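Colleague: Provided below for reference: sequence and predicted model.
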Amino acid sequence: MADEDSPANIAGLLKSIELPGGLALRNRIAMLPMTRARANADGTPNAMMAEYYHQRSGEVGLVISESTVVSEVGRGFINGPGMYTTEHAIGWRRIVEAVHARGAKIFLQINHVGRLNNLQHLRCPVAPLAPSPIAVPRGSRKITINIPRVTPYDKPRSIGTDEAPLIAAEFARATQLAVFAGFDGVEVHADSGYLIHQFLSTNVNRRTDRYGGTPQNRARFALEVLDAVIAVNGAEYVAIKLTPGNDVGDIEEDDIDEKYDYLVGELNKRNGLAFLHLYFADLASSKTFRRMRARFDGIILAEGSQIPADYEKMLADGLLDMTGFGRAYIANPDYMTRLVEGYPLSQAISESIYAPPCAVGYSDYPAFDPADPTGSVVGLDGPAYEEGLLEKQVNGA
């Protein structure tokens, strides 16, 4: 990021905002979802995760959790969290309490990976699911997180017409558990090449039933999931994330304007959604983003690799209501303070981002201490981790 070590003027983003339903956020900045793969093997969140979220929730208005799957077959990597058992919900409750203790609100991002699953980690492997039985090609740029690469991906089983509502019900069950755990809302993960995005696509969805063919039919599953989730606790408890045109996971969409115009219109009919979360790599120049912004009646959380000053200007111009940061929070639990004060940023240790469950490169990054600036900057501008420390922690040495 340009000028990341200079003080940032983000006065507008630091103003409070009230979401539909009356949920008050102290500012308009979110910590964005980031897969970190630190849950227990069965997907139950643990004390280490609670510490990680607690460290990073002292400044933001909203925390959006890492992608959390709604079923066993929906899992895509080892040590990713789930929300389909009571034990999962109890584990997440500790995290919710840790975030609330620091004044932030928290939404649970709920997901199903669909065909993006090699299934090496499942106790009883079954075929992954997808709109159509089309495997991820060998050249896909989707990264298989912390599972030894297997190519080709397993061929998925096509979801039956009468089966799709059952998967929507799994999202609803995860939402019920989120209410039990005390979350302030849920975000439906409909992007990044995962199952809902696969239904939206024109290359993975080759169906000829009510879920395929026209743009409206391919949007049907997303809307059925959304409606099932809304039915649990109201529209104001629900957000949805979309990434039109994102090709992660070998997704193709050749009908973006027609399909997303229709989707936005349908979102408007579900009056009072918490917010619409949009990601565009070319956010500042994207015509599709501006088209969706103009058509959506509610609150927009938009992100897209911009520097903070750009988001501040987009807020002033009415193009977004909220934004957020992801990767910067990996190594900087106090990212906003560093941003505003112009303190140097720590750099994430790449090999620890998806490491087996241990604190190294996860909950051991320090907040900035003006009395010890060298000791509180990790990475390029500060001390690196002791060689072999990650391996020692993983192996219990």
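Modeller: Cool, got the structure. Numbering: from 1, shown residues only.
Colleague: Tell me where this protein has strands.
Modeller: Assigned by DSSP state E, the chain shows strands spanning 17-18, 24-25, 29-31, 62-64, 68-69, 105-111, 129-130, 157-158, 185-189, 238-242, 275-279, 300-303, 323-325.
Colleague: okay if I get these as CSV plus distance to residue 342 and mean neighbour count?
Modeller: C-beta: built from backbone N, CA, C; applies to glycine. Shown next, in CSV, are the strands of the chain (distance: least, CB to CB, whole Å; neighbours: other CB atoms under 10 Å):
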stretch, distance to residue 342, mean neighbour count
strand 17-18, 25, 14
strand 24-25, 25, 15
strand 29-31, 17, 26
strand 62-64, 24, 28
strand 68-69, 35, 28
strand 105-111, 27, 26
strand 129-130, 47, 25
strand 157-158, 53, 16
strand 185-189, 32, 27
strand 238-242, 31, 25
strand 275-279, 27, 25
strand 300-303, 22, 22
strand 323-325, 16, 23
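Colleague: closest one to residue 333 among those strands?
Modeller: Set against residue 333 and scored by CB to CB, those come closest in strand 29-31, at 9.7 Å.
Colleague: Need the contact partners of that closest one.
Modeller: For strand 29-31, the external contacting residues (CB atoms under 8 Å, 6 or more residues apart in numbering) are 10, 13-14, 56-57, 59-64, 301, 322-326, 329, 336.
Colleague: Kindly report the same for stretch 307-326.
Modeller: With CB under 8 Å, 6+ apart as the criterion, stretch 307-326 contacts 1-4, 8-13, 17, 25, 28-34, 60-62, 64, 275, 283-284, 289-290, 293, 299-303, 306, 335, 339.
Colleague: picking that back up, can you put the strands of the chain in JSON lines and add mean pLDDT and distance to residue 376?
Modeller: Supplementary listing: the strands of the chain in JSON lines, determined by pLDDT from 0 to 100; distance: least, CB to CB, whole Å:
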{"stretch": "strand 17-18", "mean pLDDT": "98", "distance to residue 376": "31"}
{"stretch": "strand 24-25", "mean pLDDT": "98", "distance to residue 376": "28"}
{"stretch": "strand 29-31", "mean pLDDT": "98", "distance to residue 376": "19"}
{"stretch": "strand 62-64", "mean pLDDT": "98", "distance to residue 376": "22"}
{"stretch": "strand 68-69", "mean pLDDT": "98", "distance to residue 376": "31"}
{"stretch": "strand 105-111", "mean pLDDT": "98", "distance to residue 376": "26"}
{"stretch": "strand 129-130", "mean pLDDT": "96", "distance to residue 376": "45"}
{"stretch": "strand 157-158", "mean pLDDT": "96", "distance to residue 376": "50"}
{"stretch": "strand 185-189", "mean pLDDT": "98", "distance to residue 376": "32"}
{"stretch": "strand 238-242", "mean pLDDT": "98", "distance to residue 376": "33"}
{"stretch": "strand 275-279", "mean pLDDT": "98", "distance to residue 376": "30"}
{"stretch": "strand 300-303", "mean pLDDT": "98", "distance to residue 376": "27"}
{"stretch": "strand 323-325", "mean pLDDT": "97", "distance to residue 376": "19"}
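Colleague: for those, which one sits closest to residue 367?
Modeller: strand 29-31 (14.5 Å).
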